[in-house]
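**Student:** Show me how the following folds:
(one chain, ligands or ions: 1)
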Amino acid sequence: MIVATGLTKRYGSSVAVDGIDMVVEPGRVTGFLGPNGAGKSTTMRMALGLDRPSAGSITVDGRAYADLPAPLREVGALLDAGAVHKGRTARDHLTVLALSNGIPRRRVDEVLDLVGLTGVADRRAGGYSLGMSQRLGIAGALLGDPGTLLFDEPVNGLDPEGILWIRTLMRSLAAQGRTVLVSSHLMSEMALTADHLVVIGRGRILADTSVRAFLDEHAASWVRVRGPRPAELAAALGTAGLEVDALADGALAVRGAGAPDVGERAADAGLVLHELTTVQASLEEAFMQLTADSVQYSAAVPDRHLVPAGA
Ligand SMILES: Nc1ncnc2c1ncn2[C@@H]1O[C@H](COP(=O)(O)OP(=O)(O)OP(=O)(O)O)[C@@H](O)[C@H]1O
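**Tutor:** Below you'll find the predicted structure:
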């Protein structure tokens, strides 16, 4: 279990992590989500003793990283897949890591097998593809068979097969009862991988919730409706008190009622429909709404054209 209490990191006058309180529970994948610069990597680095908190604390199973007697056996991490000596083979890299941490040499073969690198274990890491480097980084994280795992943006730049592999691996590590914290700025990916979400923006927690509850709260569904007489349809729905937006393809987006209601309002007005669909807003949209005030760099997005109620 990872516990952060009042965790704060300042760099000069800027605050990267601003008084975070969170508990990352074992037995589930916790997605650590935030836009660029939100403070995800800084938080993970503090959990791993690579950065020192300016205030507060972050512990793994009740102890600060520096106080863990055998850190690699307690916490495994993938922070930067490129952080491997390029001239070393994967097997050499893992063997050095194992021996300097009191881990038996045979464990190297086990983790190579686990990540699917056995066939290329004697090639230099400098010649590895990004996907192979990620697998090697993960092999290093798993070397000490730790109960807690931290992955910083593990799917960045991976192809669909690599993404699926990492997703499946994280889920199985959590199913074994381990604590798994994975950072990402991709909500859609987290929706498929994580059970729980901690959303962070500008160093502060914006949400700490299950994926399901997050979706229910932030990604409200709406109804897409289309007919041969859109102006009359918009007017009929507007008169019924529903919020109607015109979409670029001539359809209407209706909020405030379900598809059955929208269909009945159209029938009441004697209007034919060619399409009536419930649309679930994506997690990505919900995430962008939640973090809209926290993004470091943002571009203007043009407003949708609004059809006034009763038009
Ligand atoms: N060593 C450092 N010195 C000064 N500022 C830093 C340092 N490390 C991080 N920061 C700043 O702290 C803030 C948080 O950065 P951090 O890398 O933790 O964010 P992140 O959520 O991991 O972002 P990304 O998704 O871009 O990796 C950013 O504004 C960053 O510029």
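**Student:** Leaving out the residues flanking it, which one is nearest to Gly263?
**Tutor:** On the basis of CB to CB, 6 or more residues apart in numbering, the spatially nearest residue to Gly263 that is not a chain neighbour turns out to be Leu276, at 5.4 Å. Glycine gets a C-beta too; all of them are placed from N, C-alpha and C.
**Student:** how about the residues of the stretch 101-250 of the chain near the ligand?
**Tutor:** Residues of the stretch 101-250 of the chain lying near the ligand by CB under 6 Å from any ligand atom: His185.
**Student:** Tell me the residue of the stretch 51-200 of the chain that sits nearest the ligand?
**Tutor:** Nearest residue of the stretch 51-200 of the chain to the ligand, counting by CB to the nearest ligand atom: His185, 5.1 Å away.
**Student:** Might you report the residue contacts of that residue?
**Tutor:** With contacts defined as CB atoms under 8 Å, 6 or more residues apart in numbering, His185 is in contact with Leu33, Gly34, Pro35, Asn36, Ala38, Glu153.
**Student:** if we go to 6 Å?
**Tutor:** With contacts defined as CB atoms under 6 Å, 6 or more residues apart in numbering, His185 is in contact with Pro35.
**Student:** related to what we said a few turns ago, distance check, the residue nearest to Gly263 against Glu285.
**Tutor:** Taking CB to CB, to the nearest Å as the measure, Leu276 and Glu285 are separated by 21 Å.
**Student:** any idea how far Ile200 is from the residue of the stretch 51-200 of the chain closest to the ligand?
**Tutor:** Spatial separation of His185 from Ile200 under the definition CB to CB is 10 Å.
**Student:** And the pLDDT for Pro302?
**Tutor:** According to the per-residue confidence, Pro302 scores 42 in pLDDT.
**Student:** What segments of this structure are strands?
**Tutor:** 2-11, 14-24, 28-33, 55-60, 75-78, 148-152, 179-184, 196-201, 204-210, 221-226, 243-246, 252-255, 275-280 (DSSP state E).
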